[in-house]
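J.: My questions are about this predicted structure, shown below with the sequence.
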Amino acid sequence: MSTSTGLSGKSVVVTGAGSGIGRAAALRFAAEGARVVLADLNAEGAKEAAEEIVAAGGTAVTVVGDLGEQRTVDQVVATAVDTFGGIDVLVNNAGIMDRMSAAGETDDDEWERVLRINLTAPFLLTRAALPHLLANGKGAIVFTASEASLRGSAAGAAYTASKHGVAGLTKSLAVMYRDKGVRTNAIAPGGTVTGIQVQADKDALGPSVIMGHMGNVGRTASADEQAAAIVFLASDAASNINGVILPVDNGWAAV
């Protein structure tokens, strides 16, 4: 017996769609028949992903810009509404790593940059998209949190705080809007093959402590394995799943 994902014809926004987990998710949504808005700061990556979707017979448009800026957020929402008639699914995936810095090593720039991109930007986009999700009476929001949203030993102070914030925002949205038909969940990836680079000073306190906890990470996932979980949480197959932070980490969270 097969279960329909219910995604065919839906309007889906994916941020960070030019590479890694976001790109894999955009491709998977398109393969399910969704129409996808690919948002990314990387114009070339977003264009290539959209071209791959179109070449496979799917529908995709791109928006390029910094999602920490309101004008980019407004452009993403306007593109989805004007091109596809609304928003059914929002995937807040875009994010950056910190330098694995302990709190005492974290300067203002690192803190503000990571929090702005990882937490403020998805908040801004969610706030802008909510009226359109609510207008449908049904919708799904999926965040990319992190193993660092579950523990204090997976990244530096800024990244850990930002992803704990994502987990809290996910749960708040789930409670506030569940009676309005909008579900909100998040995946919490463990080690995953993506293009994200970490510029860490291995002799600093933060990286030296964190590396001591990396023996329990387990197998590194592919971006597509994370994308599969995102599409599931957005689909009708997860119709009664709301407010979950789902570890996709080969059991790291269970250690």
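T.: That came in fine, so what should we check first? Numbers count the residues shown, from 1 in each chain.
J.: From residue 88, how far off is the residue lying closest to residue 145 once chain neighbours are set aside?
T.: Excluding the flanking residues, the one nearest residue 145 by Cβ to Cβ, 6 or more residues apart in numbering is residue 186, at 4.2 Å. (Glycine included, C-beta is placed from N, CA and C.) Taking Cβ to Cβ, to the nearest Å as the measure, residue 186 and residue 88 are separated by 18 Å.
J.: which stretches of this structure form helices?
T.: Taking DSSP state H as the test, the helices found in the chain are 20-31, 43-55, 70-84, 108-115, 121-136, 157-177, 205-211, 223-234.
J.: which one of the ones you listed lies closest to residue 145?
T.: In this view, the helices of the chain are compared for proximity to residue 145 by Cβ to Cβ, and helix 157-177 is the closest at 4.7 Å.
J.: so residue 26 makes contact with residue 36?
T.: Yes: contact criterion Cβ atoms under 8 Å: residue 26 and residue 36 qualify, at 5.1 Å.
J.: Which of the two has more residues huddled nearby?
T.: Under the neighbour definition other Cβ atoms under 10 Å, residue 26 and residue 36 were set side by side, and residue 26 has more, 35 against 30.
J.: what sits against that one?
T.: In this structure, residue 26 makes contact with 12, 14, 17, 36, 38, 49, 53, 60, judged by Cβ atoms under 8 Å, 6 or more residues apart in numbering.
J.: I'd like to know which of these is nearest to residue 226.
T.: Here the nearest of these to residue 226, counting by Cβ to Cβ, is residue 14; it sits at 12.3 Å.
J.: looking at it, the closest one is touching residue 80, isn't it?
T.: No: counting by Cβ under 8 Å, residue 14 stays clear of residue 80, with 10.6 Å between them.
J.: what do these two both touch?
T.: Residues within reach of residue 14 and of residue 80 at once, by Cβ under 8 Å, 6+ apart, are residue 37.
J.: Comparing those two, which residue is more hemmed in?
T.: For residue 14 versus residue 80, the count of surrounding residues by other Cβ under 10 Å is larger for residue 14: 35 against 26.
J.: show me the contacts for that one.
T.: Counting by Cβ under 8 Å, 6+ apart, residue 14 touches 22, 25-26, 29, 36-39, 91, 93.
J.: hang on, the earlier thing: the more surrounded of residue 186 and residue 88?
T.: For residue 186 against residue 88, the residue with the higher neighbour count under other Cβ under 10 Å is residue 186, and the figures read 28 against 23.
J.: residue contacts, the more buried one?
T.: Contacts were defined as Cβ under 8 Å, 6+ apart; by that measure residue 186 touches 142-145, 149, 166-167, 170, 244-246.
J.: ok, 10 Å please
T.: Applying Cβ atoms under 10 Å, 6 or more residues apart in numbering to residue 186 gives the contacts 92, 141-146, 149, 163, 166-167, 169-171, 173-174, 229-230, 233, 243-246.
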